[in-house]
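> Generate coordinates for the sequence data below:
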Amino acid sequence: MSVTVRLEGFAELERELERLGREATQKASLRRALKTSAEPMAAIARSLAPNDPATGAPDLANSIAVSTKLSKRQRSQHRRMFRDDRASVEMFVGPGPDPAAWNQEFGNINHRAQPFMRPAWDQDKDAMLDRLKREIWNDIQRTVARAARRAAAQAARGS
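I've put the predicted structure just below:
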């Protein structure tokens, strides 16, 4: 099953990111916006993840996070899937490296599927993209304002 998402405003976004100057500052701004925007989706996934109180901690729900990091196996899979894609910033939402998470999401011969990530995406994708748009613009504006204040303070000290 494929999903189509329509995104607009990248030329404007690129122009605004250029105002931030250094590439590291641009990436940090995008990472902050992505993490903030994706956290509500992770919360939905946590609420949908099956939880067996008899097993005690750590539970699948507790392992769901928003992060730039992947496990060694996940990194390997990701590199194979996106070998030629050089995204400047990536953020991942999902459970940690526990292989049982796949069995919960997709099921197996002995265990029925109990999806939690796909329903979270389906439920929150439009709202998440709206949050992301707002967060990116807000973070860029805050970062530009901070840089302007810093430059003004530096100019005042230098004069």
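
> quick one, what contacts the spatially most central residue of the chain?
The residue at the geometric middle of the chain, judged as the C-alpha nearest the mean C-alpha position with C-alpha atoms, centre = their mean, is Met91 (3.5 Å). The contact partners of Met91, by C-beta atoms under 8 Å, 6 or more residues apart in numbering, come to 31, 34-35, 38, 66-68. Just so you know, the C-beta spots here come from the backbone N, C-alpha and C atoms, and that holds for glycine as well.

> separation between Pro40 and Arg150?
Using C-beta to C-beta, to the nearest Å, one gets 32 Å for the distance from Pro40 to Arg150.

> wait, I meant Val66
When Val66 is compared with Arg150 (using C-beta to C-beta), they lie 29 Å apart.

> same deal with Asp98?
If you go by C-beta to C-beta, the gap between Asp98 and Arg150 works out to 43 Å.

> Excluding chain neighbours, what is closest to Asp59?
For Asp59, the nearest residue in space outside its immediate sequence neighbours is Asn51; the separation is 5.3 Å by C-beta to C-beta, 6 or more residues apart in numbering.

> if you count what's nearby, which of Val66 and Arg150 comes out ahead?
Between Val66 and Arg150, counted using other C-beta atoms under 10 Å, the more crowded position is Val66 (19 against 10).

> Let me see the contact set for the more buried one.
34-35, 38-39, 42, 91-93.

> Remind me which helix or strand it belongs to.
Under the assignment given by DSSP states H and E, the secondary-structure element containing Val66 is strand 65-67.

> Name the strands paired with that strand and say parallel or antiparallel.
Using DSSP bridges, the neighbouring strands of strand 65-67 in the sheet come out as strand 92-94 (antiparallel).
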